[in-house]
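>>> Got a predicted model here, sequence first, then my questions.
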Protein chains: 2
Amino acid sequence: MKLRIKKISFNTGGPFVVVLNENDAKRLDVRALDRVNIKNVEAIVDISKGNHGVSVKEGEIGVLIEAFENLRLKTNELIEISPARKPESLIYIRKKLDDKKLNEKEINAIIKDVVNNRLSETELTYFVSGCYDNGLEMEEVVNLTKAIVEHGGRLKLGKKIILDKHCVGGLAGNRTSMVIVPIIAAAGYTIPKTSSRAISSASGTADTVETLCPVSLSVKDVTRVVKKTNGCLVWGGAMGMASADDRLIKIEKLLSLDPRGLLLASIMAKKMSVGATHVLVDIPCGKEAKIKNMKEALKLKRQFIELSKRLGIKIRVIITDGSQPIGNGIGPVLEARDVINVLKGDGPNDLREKSIHMSGIMLEMIGEKNGLRIAKEMLDSGLAYKKMKEIIKIQGGNLKSSIVNRLGRYKKEFYSNKSGIVKRIDNNKANSIGRVAGAPEDKFAGVLLNVKRNSKVTKNELIFTIYSSNKDRLKYASSNVKGFIEVN
Amino acid sequence: MKLRIKKISFNTGGPFVVVLNENDAKRLDVRALDRVNIKNVEAIVDISKGNHGVSVKEGEIGVLIEAFENLRLKTNELIEISPARKPESLIYIRKKLDDKKLNEKEINAIIKDVVNNRLSETELTYFVSGCYDNGLEMEEVVNLTKAIVEHGGRLKLGKKIILDKHCVGGLAGNRTSMVIVPIIAAAGYTIPKTSSRAISSASGTADTVETLCPVSLSVKDVTRVVKKTNGCLVWGGAMGMASADDRLIKIEKLLSLDPRGLLLASIMAKKMSVGATHVLVDIPCGKEAKIKNMKEALKLKRQFIELSKRLGIKIRVIITDGSQPIGNGIGPVLEARDVINVLKGDGPNDLREKSIHMSGIMLEMIGEKNGLRIAKEMLDSGLAYKKMKEIIKIQGGNLKSSIVNRLGRYKKEFYSNKSGIVKRIDNNKANSIGRVAGAPEDKFAGVLLNVKRNSKVTKNELIFTIYSSNKDRLKYASSNVKGFIEVN
C-alpha cells in the first residue's frame, strides 16, 4: 500500500514509529504496536483515530522525526508500506515471563534487538519484569554478559594482564577509582578504567573526572591514551560499551527495580569489554547504600565470584563500610579536590586508606608479593600524582588551569547547634543536597564536610558547607538539610 | 519555573505528555518518565536532547496534542511548571511485582489510576507482568472486580433478577447470545447483554449485531431499550463499562498474555456492571479454542464459581465442544444470517441446539421447572423472533432493510478434491481467512461453510465459499486456505 509521508515533529528515543490512519491500518491488517516495513526498515505502528491528535488522514502516514530524518523521507513523498513480522525476540521475552530458561541464541537475539532499538518500551518492560520476577540462572547471566559484550564497543589492547575495578555504587564521594588508576598505572600495569555518570547521585566518577579533563573519548582515543600511560579515566557511554544497558536501565529506574541477573551481567560486560583479566569489586554495605546488609552483600559476592569464574576472569570481592560518604567533598569539583589532595600526599584519610587498600589487593592479585607497600610507595613518592597529571594531559586536560582550583561562587556554612559526637551522616541526603544545589551539571555545586561519623564537635563548630553557582539553588538546597548530620 | 508552550502534533493515547529541554529538566530535577504539574494537572515528562527530534529549546515546553487541547493552552503562552509526585499506585504495582498480596485499597488505587489514564504504558506493563508472573489470589481478584466496576459505567435497572451470559471466546461463528437474548426476553426475563468487538477473530458479537442495528448505545439508551423489551444486544465499549480493561488488554495482546486473574475480573466486572444476579458461562474447549484442554477448563470453571460466590452472583459454568466453528457463517453478515434463520425456525442445527440448551439452563437457574421446554417453545412459536425484531427496532435498526439480506459482492467457491469424511475444520484458519477477506470492518466478508466435522463429502462437492466486498482481498484470502478443511 502506498501512503503519503507526513512529518511528525516528535521523537520517542525508541524504535522508529509511524502513525497510520485507522482505516489504512485495517486495510493493512495491522494493529497498534504491530510493525510495518518502510524503505526496508521496520517501524512500530501507532494508530490515529477520529479527529483527535495528529489526525493522520486516510492515504497518509505520519512519520516521527527519528525515522523521517534517518530514512531521508520527504513530506508528501509516496512510499510503499507493508506489514512486517514482529521480532523473534518477543517469543523469547514471553518465554522468560513464563519462567523458562533462555538459551544462548535466545538471549543473544534479545540483546541484539535491544541494541538495534527494535523493541518498544513496553516490550523491554516485559523483559525486565521477566528477569526480575523469575530471575536468571547463572548460565543465563553468563550468556547475557557475553551478548552485551558482543553487541557493544570493545577495547583491544593486546595485553596479557589488564586490571579493572568496580564499585556497586550508591556511596557519595566514593572516588577511589581516581586514586587507584594512577597508582596501578604508575606501578607499570594496565588499567583502562571506564566509568558512568551520575543517575541519582550528586556525581558519578565520569562527572568528577570531567572537572579535570574531557571524558568522552572514542575507543580509538582511549586505546591511544592507555598505550601511552597504562591507564585512563573515561566515560564508558561515549565508547558505546554495553550499550544494551542504557535502555534497560531507563525501564528499571521507573520502579527502582534492580534485577540481580541484569545488574551482574551489566557490570561484568563492561569489564569484559575492556578486556579485563583481573577485577576487584567493592561492595559498600550500609543502610543507605545500594546493598543494605551483610547477608545481601555476601550473596552478591558469591554471585560475582561464580559469574567471573565462568567468564574466565579473575576476581576479588571486598565488602566495605557503606555507612557514610567517603572523603570530604560531594559533587564534581569538591570530590576532584579530595582526589588531587590525596595524590599530593594530603587529603581525606578515608579516601586515601581505601584507595591504598584496594590498589594493594589488585597488585597482589596479579602476583606482586607486597601490593600494599607498592601502592603506598606509588602514592608517597609522588609517582601516582605524576601519572595522574600525565593521564589528564593526554586526555586533553590541564591540571593547572582546571576548574578544580576554584570553588562555587555561592556558599552557605552550617554550624553544630550543640556539642557532642557525630552519630550519623545521611548518605542519601548528601546526594540530594548536592543535586538540589545543582550537581552534577553545575560542577561547583555540592557539599563539603568538616566532620565524619564519630567526630567530636563543639557547639557552633563548622560542620559542613554547601556550594553552588546559583544563588536560588543554594537557598533551596540550604532549606533542605534537616537530618543530614546528627550530633548527639 | 515558567516555560513557553509549544504545541506538538502527536498523541499517545496514554497520559498527558510534555517535553522538556534537557537543561530545564535538570533545573526542575525531573527525569524522563517523571511527572510535572501543568495547570494543576499531571503530565509525564519526555526529554528533548541535543538537536535531534522535536528540539524543545530551553525555556520552552512541548505539549502533546491531548494535553494541549484538554488544558486549552495557547502557543507561546507562559505557564508555571513544577515537579509532581509519582502516583502512589506505582508503589503497589512494585509490590505485586515483588509477589506480595495487594489489599482492597491498593487495588482500587491502581484501577483508579488506570481509568484516569495516569499510568504510562511502561507502568501498566509492569502491572500486567506482576499479575501474570505472580498471579492473583482469589481475594485480590474479588477486589479487582469490584474496583473495575466502581470505576466504570453501570446499568441500574432496579430488577430483582437479571440474567447474563458469557462465552470465554475464541470460537468462530459462536453467536449464541443473539439467539439466547430474544429467547430469555420473550420468556419475560431481563437480559441486558453487552458484548465486545473482535480483537483477533473475524467478528465479535457486537460486530455481528451491528449488521442489524446500531450497537453503540449510551447507558441511558440501553436502560430505555431493556425497560421496553427485557433485553438488548449492545457494545459494552460505548457504555464505558469496565473501561480499565481496554488499556490493559492492549498491553496483554502484545505478548498474547492472558493473566488469569485479570481475565476473571474483567469478565465478572462486566456482569456486575449490568447488575447481573444469574450468570451462565460457556467455556468452549478445544485445541484451537482459547481453552485448550479439559484440565484447564475445569480449573477455570472452579475459579469462576469461587469468584462469583464471593461476589454474590449465582453462576453456572458449562464446558462445551470447542473443536470447530459454530454455525455455517463466519464474519458479521454471514453470522447474522445464521442467527436470523435459527430464530425463524431454520438455520444451522448446532447453533440452534446450543442456544436452546444454554437458554434452558439459564431459565432453570432462576427457578423455572422446565427451562429447556420453555426455551424451545419461545423459539418454535416465533416469539423469540418477534422479540428480536422488537429489540432491533428499538435499538434503531430495521430487519427488512438491513444488510443481512445481501451477500458479499465477490465470492469464490471451494470444492473437495476427494471423497471422504471431514476430519477437521481449523478454527484459527477460519478467523484468519475471514479477517484477510476484510472482516469485521467489511461486514460482508467471511466464510460460509457447507460442511461440519464428520460430514460425508464426495469429490468436487462444494465445501465452503469466501465472500468479500473487495476483489483483491478475496484473492488474497483465497490463496490462504491450505489446511482449512481436512477430508480423509
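In hand now; what should we look at?

>>> Please count neighbours and contacts with C-alpha atoms only from this point.
Will do.

>>> ok, so what distance separates the closest residue in space to A:Val404 that isn't next to it in sequence from A:Leu407?
Spatial nearest neighbour of A:Val404, chain neighbours left out: A:Val333 (5.4 Å); criterion: CA to CA, 6 or more residues apart in numbering or on different chains. Using CA to CA, to the nearest Å, A:Val333 is found at 8 Å from A:Leu407.

>>> Give me the more crowded residue out of those two.
A:Val333 (31 against 17; other CA atoms under 10 Å in any protein chain shown).

>>> Go ahead and confirm that one touches A:Lys443.
Yes. With contacts defined as CA atoms under 8 Å, A:Val333 counts as touching A:Lys443 at a distance of 5.7 Å.

>>> What values do phi and psi take at A:Leu351?
Main-chain dihedrals, A:Leu351, degrees, to the nearest 10: phi -70, psi -40.

>>> Mind pulling up the pLDDT for it?
What the model reports as pLDDT for A:Leu351 is 97.

>>> before we move on, what about A:Val54?
Here the pLDDT value assigned to A:Val54 is 61.

>>> Is the nearest residue to A:Gly59 once chain neighbours are set aside part of a helix or strand, or is it coil?
Counting by CA to CA, 6+ apart, A:Gly59 lies nearest to A:Leu3, which is 5.1 Å off, once chain neighbours are set aside. Using DSSP: H, G, I helix; E, B strand; the rest coil as the criterion, the local structure at A:Leu3 reads strand.

>>> how much space is there between A:Leu3 and B:Gly438?
Using CA to CA, one obtains 19 Å as the distance from A:Leu3 to B:Gly438.

>>> still on that earlier bit, find the residues that touch each one of A:Val333 and A:Leu407.
Here A:Val333 and A:Leu407 have A:Phe444 as joint contacts, going by CA atoms under 8 Å, 6 or more residues apart in numbering or on different chains.

>>> What residues does chain A have near chain B?
For chain A, the residues in contact with chain B under the definition CA under 8 Å from any CA of the partner chain are A:8-11, A:26-27, A:29, A:33, A:52-54, A:65-66, A:90-91, A:94, A:97-99, A:121-123, A:125-126, A:129-130, A:133-134, A:251, A:254-255, A:435-436, A:438, A:441.

>>> low-confidence ranges in chain A?
Within chain A, the set of residues satisfying pLDDT under 70 comprises A:50-54.

>>> Outline the domain layout of it.
According to the domain assignment given by automatic domain parsing, chain A is divided into the following structural domains: A:2-84, A:89-135, A:163-394, A:407-487.

>>> Serialize those to a markdown table and add fields for distance to B:Val225.
As requested, these are arranged in a markdown table below (distance: least, CA to CA, whole Å):
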| stretch | distance to B:Val225 |
| --- | --- |
| domain A:2-84 | 28 |
| domain A:89-135 | 41 |
| domain A:163-394 | 47 |
| domain A:407-487 | 61 |
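
>>> between those domains, which one is nearest to B:Met365?
Among these, the nearest to B:Met365 by CA to CA is domain A:89-135 (38.5 Å).

>>> Pull up the distance across the closest one, start to finish.
Taking CA to CA, domain A:89-135 runs 18 Å from one end to the other.

>>> if we can go back for a sec, higher neighbour count, A:Leu3 and B:Gly438?
Summary of the neighbour comparison: A:Leu3 and B:Gly438, criterion other CA under 10 Å, with B:Gly438 having more neighbours (27 against 18).

>>> burial measure for the nearest residue to the more buried one once chain neighbours are set aside, as a count.
Of all residues beyond its chain neighbours, the one nearest B:Gly438 is B:Ala445 (5.4 Å), with distances taken as CA to CA, 6+ apart. Residues lying near B:Ala445 (other CA under 10 Å) number 34.

>>> Now A:Val234, what are its backbone angles?
Listed backbone geometry of A:Val234 is phi -130, psi 170, with angles given as degrees, to the nearest 10.

>>> Could you check how far it is from chain B?
In this structure, A:Val234 and chain B are 21 Å apart, going by CA to the nearest CA, to the nearest Å.

>>> Could you do A:Lys57 as well?
When CA to the nearest CA is applied, the distance between A:Lys57 and chain B equals 13 Å.

>>> ok now do the spatially most central residue of chain A, which residues does it touch?
Nearest residue to the geometric centre of chain A (CA atoms, centre = their mean): A:Ser196, 3.5 Å. The neighbours of A:Ser196, taking CA under 8 Å, 6+ apart as the test, are A:Gly204, A:Thr205, A:Ala206, A:Asp207, A:Trp235, A:Gly236, A:Gly237.

>>> Name the nearest of those residues relative to A:Glu42.
Compare each of the contacts of A:Ser196 with A:Glu42 using CA to CA and the shortest gap goes to A:Gly237, at 25.9 Å.

>>> isn't that closest one right up against A:Asp245?
No. Taking contact to mean CA under 8 Å, the distance of 10.0 Å between A:Gly237 and A:Asp245 leaves them out of contact.

>>> List the contacts of A:Gly408.
By CA under 8 Å, 6+ apart, the residues touching A:Gly408 are A:Phe444, A:Ala445, A:Tyr467, A:Ser468, A:Ser469.

>>> same deal with A:Ala384?
The contact partners of A:Ala384, by CA under 8 Å, 6+ apart, come to A:Val179, A:Pro182, A:Ile183, A:Ala185, A:Ala186, A:Leu343, A:Met378.

>>> Are we agreed that it is in a helix?
Yes. With three-state DSSP as the criterion, A:Ala384 is located in a helix.

>>> burial measure for A:Ile161, as a count.
14.

>>> and what of A:Gly397?
Quick note: A:Gly397 (other CA under 10 Å) scores 19 neighbours.

>>> How many neighbouring residues does the residue in the stretch 151-300 of chain A that chain B sits nearest to have?
Minimum separation of the stretch 151-300 of chain A from chain B (CA to the nearest CA) falls at A:Leu255, amounting to 6.3 Å. Residue neighbour count, defined by other CA under 10 Å, stands at 16 for A:Leu255.

>>> Surely it is in contact with B:Lys95?
No. Here A:Leu255 does not reach B:Lys95: they are 9.9 Å apart, not a contact under CA under 8 Å.

>>> Please tell me how far the residue nearest to A:Gly59 sits from A:Ile199.
Using CA to CA, one obtains 42 Å as the distance from A:Leu3 to A:Ile199.

>>> cool, A:Lys86 as well?
For A:Lys86 relative to A:Ile199 (CA to CA), the value is 32 Å.

>>> Comparing those two, which shows the higher neighbour count?
A side-by-side neighbour count of A:Lys86 and A:Ile199, using other CA under 10 Å, places A:Lys86 first with 17 against 14.

>>> Now do the contacts for that one.
By CA under 8 Å, 6+ apart, the contact set of A:Lys86 is A:Asp34, A:Arg35.

>>> so it, which of the three states?
When the structure is split into helix, strand and coil by three-state DSSP, A:Lys86 lands in coil.

>>> so is A:Val19 in a helix, a strand, or just coil?
Reduced to three states with three-state DSSP, the structure at A:Val19 is strand.

>>> Can you get me a residue count around it?
Counted with other CA under 10 Å, residues neighbouring A:Val19 total 28.

>>> partners of it in the sheet?
Using DSSP bridges, the bridge partners assigned to A:Val19 are A:Asp46, A:Gly62.

>>> any idea how far it is from B:Val168?
With distances taken as CA to CA, A:Val19 is found 32 Å from B:Val168.

>>> What of A:Ile374?
Taken as CA to CA, the spacing of A:Ile374 relative to B:Val168 amounts to 73 Å.

>>> The two: which is more packed in?
A:Ile374 (21 against 18).

>>> Check which helix or strand the more buried one maps to.
Taking DSSP states H and E as the criterion, A:Ile374 maps to helix A:371-380.

>>> What is that helix packed up against?
When contacts are defined as 3 or more CA pairs under 8 Å, 6 or more residues apart in numbering or on different chains; DSSP states H and E, helix A:371-380 sits against helix A:177-186, helix A:349-365.

>>> would you turn those into TSV with mean neighbour count?
Supplementary listing: these in TSV, determined by neighbours: other CA atoms under 10 Å in any protein chain shown:
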stretch	mean neighbour count
helix A:177-186	27
helix A:349-365	21
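
>>> quick one, which of those helices is nearest to A:Glu139?
Proximity of the helices and strands packed on helix A:371-380 to A:Glu139 was assessed by CA to CA; the nearest stretch is helix A:349-365, lying at 25.7 Å.
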